[in-house]
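Chemist: need a 3D model of the following:
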Amino acid sequence: APFHAMSLRCEAFAFGSTEGTCRVEQDQVYPKPFFWNVGTTSASKSRPARCAAGYRHSLFVLESGRIVSCGEQEPPCTSAKQSASVGIREFALDDDAAEVAVGDGLRFVVSNRGMLFSWGRGRYGALGHDDERTVLSPQPVAGLTNERITRIACGRWHCVALTDSNKLFAWGRNHVGQLGLGYANHSVGSPAIVELEPGAAIQPSVRDIGAGEAHTVAIADVRRRHDKRATEETVETVHAFAWGENSECRLGNIADTKLHHTPQVVRSLDRLLRRIKTTLARAPAFRANSIVSCGKAHTLVLTKFGQVIAWGSGTYGQLGYGDAWSTSDCVLVRGLESVIAITAGDRHSMALQGLMQRNSASESETSNTSLRDGAVYVWGFNSFGELGLGDHDIRLQPTHLRALEGTRVSQISAGSRHSLVLLAGQPARTYKED
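Modeler: Here you go, the predicted structure:
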């Protein structure tokens, strides 16, 4: 074999296109340790705790709470004649960073106190500052300073945020109704309230949110009141709501495609969940791993037993069901169980498998899991080596990423054309050419 194992101590690995990680060599088809040196004073404090892979750049939260941005960066001068440069920058907030999300030149950080900060390219008002200016360092999103943000998701040029009081906000590009405001227009420059059921007396309680290039998905519990023998009874059901661009089956089989700019329930997901006798997983606030993730034109969701369900574009096998057809009917991803994390890149997908622990009070939940004996699986597009399998062949079904076998993976993130994996701090195995 032209590759052999070597022992290294590193907590961040990257593979795929080099543009997202500041590398100067050719695209990396195997997981490779990713280091930076930006003035941190303590090696123990410079380990990455959170990561997000985006379009041509990546964002990390260090254990110290500081933020590292690498890849394509905005020029110091905002002149239209200047193009973006490639490099590494470090930032600090008054409050330590807790979570990160990225889009196309967009960078978002949620602080430990739930404050949302953004910087990068302000195209379509996607930074939430009510203008299209380029911002070079993290700035508070003014329309949300009185809210505590618990979840943040970025599409290419739009964003959605969830608060601890169950308010859902969206802003940025809206040309196909991806903000869910009931209409389509050029853009919305500041956070606007999204109602999953406009006018309903009881709004669904949102578990998690995901944003693709031009579509958005929310997982939410819907409560209905029923009269039964003159006694009101409340029934709660979990649904996936989708809205935005409907080409390539992005929204599943919503009831009315003409109303794609309004959140609608993905009915085929309900049918599949009933057929396999399960429901969707729960996701606690500030958890790095989501239960829904949107790629360029496909969506992944996670069930309470760690199964992965997909719908949307399948042209490059990114749905993982063994074929390369797009589908509005939700499909069960083959060969995966006990999955605790999912992430969708532009045209590829990743899943982290872990040991499910039995909840003594009820059935297994993905919120009670162990990373021990976990494994990373990858599938879909691979022209830039973003699957980390040592070649450029697409995969129609999940394939074990054996280069990281035996490690304790804490987070995975799939970007446009590259992927990131964070380890929990123990020695890792990677591969290099002889």
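
Chemist: CA atoms for contacts and neighbours, from now on please.
Modeler: OK.

Chemist: the helices in the protein, which residues?
Modeler: Listed in chain order, the helices of the chain (DSSP state H) span 267-275.

Chemist: to the chain's geometric centre, what's the distance from stretch 325-332?
Modeler: Its chain's C-alpha centre lies 20 Å from the corresponding centre of stretch 325-332 when counted by C-alpha atoms, centre = their mean, to the nearest Å.

Chemist: swap that for stretch 163-177, sorry
Modeler: Centre-to-centre, stretch 163-177 and its host chain are 16 Å apart (C-alpha atoms, centre = their mean).

Chemist: put the alpha carbons of that stretch into CSV.
Modeler: Output in CSV follows, covering the C-alpha atoms of stretch 163-177 (Å, rounded to 0.1, in the frame of the first residue of the first chain):
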residue,chain,number,x,y,z
THR,A,163,-33.9,31.9,20.8
ASP,A,164,-34.4,30.4,24.2
SER,A,165,-38.0,31.7,24.1
ASN,A,166,-38.7,29.7,20.9
LYS,A,167,-38.6,32.7,18.6
LEU,A,168,-37.3,31.9,15.1
PHE,A,169,-35.6,34.7,13.2
ALA,A,170,-34.3,34.8,9.6
TRP,A,171,-32.5,37.3,7.4
GLY,A,172,-30.4,37.6,4.2
ARG,A,173,-31.2,36.6,0.6
ASN,A,174,-34.9,35.8,0.0
HIS,A,175,-35.2,35.5,-3.8
VAL,A,176,-37.0,32.1,-3.5
GLY,A,177,-38.6,32.6,-0.1
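
Chemist: in it, what's buried?
Modeler: Applying a neighbour-count criterion of 16 or more other C-alpha atoms under 10 Å, the buried positions in stretch 163-177 are 163, 167, 168, 169, 170, 171, 172, 173, 174, 175, 176, 177.

Chemist: tabulate these (a markdown table), appending distance to residue 331 and pLDDT.
Modeler: What follows is the buried residues of stretch 163-177, written out as a markdown table (distance: C-alpha to C-alpha, whole Å; pLDDT from 0 to 100):
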| residue | distance to residue 331 | pLDDT |
| --- | --- | --- |
| 163 | 31 | 97 |
| 167 | 30 | 97 |
| 168 | 27 | 98 |
| 169 | 29 | 98 |
| 170 | 28 | 98 |
| 171 | 30 | 98 |
| 172 | 30 | 98 |
| 173 | 29 | 98 |
| 174 | 28 | 98 |
| 175 | 28 | 97 |
| 176 | 25 | 97 |
| 177 | 25 | 97 |
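
Chemist: closest to residue 270 out of those?
Modeler: Of all the buried residues of stretch 163-177, the one with the least separation from residue 270 (C-alpha to C-alpha) is residue 168, at 22.3 Å.

Chemist: as a check, name the ranges of all strands in the stretch 151-300 of the chain.
Modeler: Under the criterion DSSP state E, counting those that start in this stretch, the stretch 151-300 of the chain carries strands at the ranges 158-163, 168-173, 187-193, 205-211, 215-228, 231-244, 264-265, 292-294, 298-302.

Chemist: need the ones you listed in TSV with distance to residue 59, can you?
Modeler: Listed next are the strands of the stretch 151-300 of the chain as TSV, based on distance: least, C-alpha to C-alpha, whole Å:
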stretch	distance to residue 59
strand 158-163	16
strand 168-173	20
strand 187-193	22
strand 205-211	17
strand 215-228	21
strand 231-244	26
strand 264-265	32
strand 292-294	17
strand 298-302	22
